[in-house]
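# whatever this is, show me its structure:
(4 chains)
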Protein chains: 2
Amino acid sequence: MGKQVTEMLKGVLEGIVLAILSNRAAYGYEITAWLREQGFTDIAEGTVYALLVRIEQRGLVDVNKVPSEKGPPRKVYSLNAQGHEQLAEFWRTWSFLTERLGQLRESQGGN
Amino acid sequence: MGKQVTEMLKGVLEGIVLAILSNRAAYGYEITAWLREQGFTDIAEGTVYALLVRIEQRGLVDVNKVPSEKGPPRKVYSLNAQGHEQLAEFWRTWSFLTERLGQLRESQGGN
DNA sequence: CCCTGGTATTCAGTGTTACTATGTACTAGT
DNA sequence: ACTAGTACATAGTAACACTGAATACCAGGG
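Alright, predicted model coming up:
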């Protein structure tokens, strides 16, 4: 993907993961695989795990350890009330950004 | 604005400034003031200047020193060919992100 | 004359975040 | 035993925006 996406992901990736978790509970390996399918081809596993640790420490998710048939136990994360609030806040900020950027884009050659 | 915007701005602020400069040449102080008007109330002056130095060093802009009636000379930046290319690349990346995020948002409660 | 305030740029130090590159752990199949 | 796939964890690094301050230039007021 390149460095540009990397920088833009900062701050956004957390929102993406929160959004995923608001759909349904999920664990790190699963989330990483899903992201890769969606075109975020360069996202390293370590990145997702680190992010999950951060949002857990900030109390945005509940964790449930579930044994797996193949491999070590999964840490299944689900969004709690505080997480939903944080997600709503993320969407507000995201809307602000898209609106501003949209205007900027229109004010020029477009594309 | 808060910390959330700060993190999301990473990588995006550069695109914003490139977009501004593609409309017309401008200098740091002016850009900062404009951003504040647009609602980016928390952007520190130092941030914009640092960004301008970066994109200058990467050869995306041409610089022109213009005397000011009040204060030290202005460094007026204008986008060159490489800068326009970088801006186009930014819009591509931005489109990718907005598309993915848009889908994510729809796939849930919306808002 | 000095001092404040607005214009304009610069820089050292800090915090957050994503990446790289590993390492660990568990299971199934050969 | 060995390999491959699943699953999580972490130490070190780079990039970027912020904080806070300093510097420079000019105007007007006390």
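# need the pLDDT of residue A:61.
Looking at residue A:61, its pLDDT reads 97.
# residues touching residue A:8, list them.
When contacts are counted by Cβ atoms under 8 Å, 6 or more residues apart in numbering or on different chains, residue A:8 touches B:10, B:11, B:12, B:93, B:94, B:97. For glycine as for every other residue, the C-beta is placed from the backbone atoms N, C-alpha and C.
# could you report the neighbour count for the nearest residue to the second one once chain neighbours are set aside?
Right, residue B:11. Nearest non-adjacent residue to residue B:11, counting by Cβ to Cβ, 6 or more residues apart in numbering or on different chains: residue A:7, 3.1 Å away. Using other Cβ atoms under 10 Å in any protein chain shown, residue A:7 has 18 neighbouring residues.
# and residue A:43, by the same measure?
Neighbours of residue A:43 (other Cβ under 10 Å): 21.
# with just CA atoms, put stretch A:91-107 into PDB.
Extracted in PDB, the C-alpha atoms of stretch A:91-107 (Å, rounded to 0.1, in the frame of the first residue of the first chain):
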ATOM      1  CA  TRP A  91     -17.700   8.900  13.300                       C
ATOM      2  CA  ARG A  92     -18.300  12.600  14.200                       C
ATOM      3  CA  THR A  93     -14.700  13.400  13.700                       C
ATOM      4  CA  TRP A  94     -14.600  11.400  10.500                       C
ATOM      5  CA  SER A  95     -17.600  13.200   9.200                       C
ATOM      6  CA  PHE A  96     -15.900  16.500   9.900                       C
ATOM      7  CA  LEU A  97     -12.800  15.500   8.000                       C
ATOM      8  CA  THR A  98     -14.700  14.100   5.000                       C
ATOM      9  CA  GLU A  99     -16.800  17.200   4.800                       C
ATOM     10  CA  ARG A 100     -13.800  19.500   4.900                       C
ATOM     11  CA  LEU A 101     -11.800  17.400   2.400                       C
ATOM     12  CA  GLY A 102     -14.800  17.100   0.200                       C
ATOM     13  CA  GLN A 103     -15.100  20.800   0.000                       C
ATOM     14  CA  LEU A 104     -11.400  21.200  -0.700                       C
ATOM     15  CA  ARG A 105     -11.600  18.700  -3.500                       C
ATOM     16  CA  GLU A 106     -14.500  20.400  -5.100                       C
ATOM     17  CA  SER A 107     -12.900  23.700  -5.000                       C
END
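# just the buried residues of it, please?
Across stretch A:91-107, burial judged by 16 or more other Cβ atoms under 10 Å in any protein chain shown covers A:91, A:93, A:94, A:96, A:97, A:100, A:101, A:104, A:105.
# contacts only, for the fifth one.
The neighbourhood of residue A:97, defined by Cβ under 8 Å, 6+ apart, consists of B:5, B:8, B:12.
# and the host helix or strand of the second one, what's buried?
With elements taken from DSSP states H and E, the one containing residue B:8 is helix B:3-9. Residues of helix B:3-9 classed as buried by neighbour count (16+ other Cβ under 10 Å): B:4, B:5, B:6, B:7, B:8, B:9.
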